[in-house]
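Trainee: need a structure here:
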Amino acid sequence: MGTTRLLKGFEVELYTGRPDGTVVGCAADAARELEGFVTEPDQRNLEYITAPDASYTSQRKLLLEPRRRLRQWLAPRGLTLLPGSTLSLGDSHRFERSDPLNDYHGYIESTYGTRVVTASVHINLGVPSMDALFAGLRLLRCEAALLLALSASSPFLDGAPTGAHSQRWLQFPLTPAQVPLFKDQAHYIEWMDEQLAAGTMQNVRHLWTSVRPNGDNRPHDLNRLEIRICDLVSDPDLLLAITAFIELRLQQLWQESGRWDPLLASSLGTSELAALADANDQAAARSSLDAQLQQWSNGEPIAARDWLASLLASMAPLAEQLELTGRLSPLQNVLEQGNQAMRWLSRHQAGEGIGAILASEVRLMDSQERDPLG
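Mentor: As a prediction, the model looks like this:
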């Protein structure tokens, strides 16, 4: 693999609601009247997808344009876009179906309830080779906790702090409960067929894990990696910085697989690595940058913040080569000042109400869309 920039794209889930942070669902109407928006099973959030493009400048515009259109549609209704990845001010005790006639939505509601009523951003990166894809899948699965640590934005639920930084990831029903570290595509296909036959997955999309292969005819025709662990990142520059970090990690891996492929470079077995990755994800959901994680290379403990700093240092020469150094700069701010969840919790502990915090962040989201660069 060379160092050509990868195609990338985003699946963005957003809550809609009032300027004071109260969630109000309107997904079915918005999806019907606005091009490019689709519903989620619960009508309080909806999704849009950006087209594949290797350019970070283009992706910034693609991220903000649908938000502007949606905001214009919401304004006459007294509604706006909300930050965060959980129902910060409630109500998580009831499900609001966007399509009462959709049988799959009915299955989701009856099986999982409002545990799935979260907002997030899924980051897709195109990978043309199957060997490269599954090596990348292994590395990103083992480092997914770091991506959650950077993006955590869900410390509140039903009007109270939960004690976690990513309540979304703690409550979201990972399915199936245990997913192996795939050795290659044949392993992935065999395992998927087993899950579908056993009914632990309802369809090929029903693999809800931190990172998964993606393509138009899964599990056979694959062309990209989908990172699903990140909370909603409403700041487009931070989202692109996280994406640049992922892209650089993949390029590092493909240049030095013996150093960075966990299958080749770890002293741990594949079952141990899968368990380590899942445990790290849970630790990052609770404490994000302050979490004590285990390194996949040898199982030794390391703070998430220190691990990220070490990786950023290791990728600096490649970042300069690919002209991505500037794109990474928002990550340093997160390491120094905390992620969104940590900043919100600090404000709340200083006496600020959750509603006031959300209202100010609603205004910040609005200002981001007025940026002429996007």
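
Trainee: buried ones in stretch 292-305?
Mentor: Of the residues in stretch 292-305, L293, Q294, Q295, W296, I302, A304, R305 count as buried by neighbour count, 16 or more other CB atoms under 10 Å. Where C-beta positions appear, they are placed from N, C-alpha and C, glycine not excepted.

Trainee: all strands of the protein, in order?
Mentor: 8-17, 37-39, 45-49, 80-82, 121-126, 156-157, 160-161, 211-214, 224-227, 292-294, 301-303 (DSSP state E).

Trainee: Rebuild those strands as JSON lines, extending it with distance to P66 and mean pLDDT.
Mentor: Shown next, in JSON lines, are these (distance: least, CB to CB, whole Å; pLDDT from 0 to 100):
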{"stretch": "strand 8-17", "distance to P66": "8", "mean pLDDT": "97"}
{"stretch": "strand 37-39", "distance to P66": "7", "mean pLDDT": "96"}
{"stretch": "strand 45-49", "distance to P66": "4", "mean pLDDT": "96"}
{"stretch": "strand 80-82", "distance to P66": "10", "mean pLDDT": "97"}
{"stretch": "strand 121-126", "distance to P66": "13", "mean pLDDT": "98"}
{"stretch": "strand 156-157", "distance to P66": "25", "mean pLDDT": "98"}
{"stretch": "strand 160-161", "distance to P66": "31", "mean pLDDT": "98"}
{"stretch": "strand 211-214", "distance to P66": "20", "mean pLDDT": "98"}
{"stretch": "strand 224-227", "distance to P66": "19", "mean pLDDT": "98"}
{"stretch": "strand 292-294", "distance to P66": "34", "mean pLDDT": "98"}
{"stretch": "strand 301-303", "distance to P66": "37", "mean pLDDT": "98"}
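
Trainee: Go through the buried residues of stretch 292-305 and name the one nearest M201.
Mentor: W296 (25.7 Å; CB to CB).

Trainee: Would you check which pair of the buried residues of stretch 292-305 lies furthest apart?
Mentor: Using CB to CB, the two most remote members of the buried residues of stretch 292-305 are W296 and R305, lying 17.1 Å apart.

Trainee: okay, now S310: neighbour count?
Mentor: Neighbours of S310 under the rule other CB atoms under 10 Å: 12.

Trainee: Tell me, what's the model's pLDDT at it?
Mentor: S310 carries a pLDDT score of 98 in this model.

Trainee: Would you map the helices across this structure?
Mentor: Residue ranges of the helices in the chain, as given by DSSP state H, are 27-33, 56-74, 103-112, 130-151, 167-171, 185-198, 236-255, 257-260, 262-265, 270-287, 304-321, 325-337, 340-349, 354-369.

Trainee: So for N214, which of the ones you listed sits nearest?
Mentor: helix 130-151 (9.5 Å).

Trainee: burial measure for Q337, as a count.
Mentor: Per other CB under 10 Å, the neighbour tally for Q337 reads 10.

Trainee: Can you tell me how far the residue nearest to it when sequence neighbours are not counted is from Q195?
Mentor: Nearest non-adjacent residue to Q337, counting by CB to CB, 6 or more residues apart in numbering: R343, 6.9 Å away. Using CB to CB, to the nearest Å, R343 is found at 39 Å from Q195.

Trainee: Kindly report the same for N333.
Mentor: Shown here: N333 relative to Q195, a distance of 40 Å by CB to CB.

Trainee: Could you do I302 as well?
Mentor: 32 Å.

Trainee: ok, V38 touching N45?
Mentor: No. Using CB atoms under 8 Å, V38 is not in contact with N45; the gap is 10.8 Å.

Trainee: roughly how far apart are R224 and W254?
Mentor: 15 Å.

Trainee: I misspoke; the intended subject was H122.
Mentor: Going from H122 to W254 by CB to CB gives 22 Å.

Trainee: How about L139?
Mentor: For L139 relative to W254 (CB to CB), the value is 10 Å.

Trainee: between the two, which one's more packed in?
Mentor: Each of L139 and W254 has its neighbours counted (other CB under 10 Å); L139 has more, 25 against 20.

Trainee: any idea of the pLDDT on the more buried one?
Mentor: On pLDDT, L139 comes in at 98.

Trainee: Now do the most far-flung residue of the chain relative to its centre against A241, distance only.
Mentor: Going by CA atoms, centre = their mean, the residue of the chain most distant from its centre is P76, 30.3 Å out. Distance of P76 to A241, computed by CB to CB: 34 Å.

Trainee: go on, A284?
Mentor: 17 Å.

Trainee: Which one of these two is surrounded by more residues?
Mentor: Legend: neighbour count by other CB under 10 Å for A284 and A241, higher for A284 (29 against 24).

Trainee: Burial check on the closest residue to the more buried one other than its chain neighbours, number of neighbours?
Mentor: In this structure, A284 finds its nearest non-sequential neighbour in A145, 3.9 Å apart by CB to CB, 6+ apart. Using other CB under 10 Å, A145 is surrounded by 29 other residues.

Trainee: who's in contact with A145?
Mentor: I229, A277, N280, D281, A283, A284, A291, L293, A304 (CB atoms under 8 Å, 6 or more residues apart in numbering).

Trainee: One more: N339?
Mentor: N339 neighbours (CB under 8 Å, 6+ apart): A149, L150, S151, A152, S153, H165, S288, L289.
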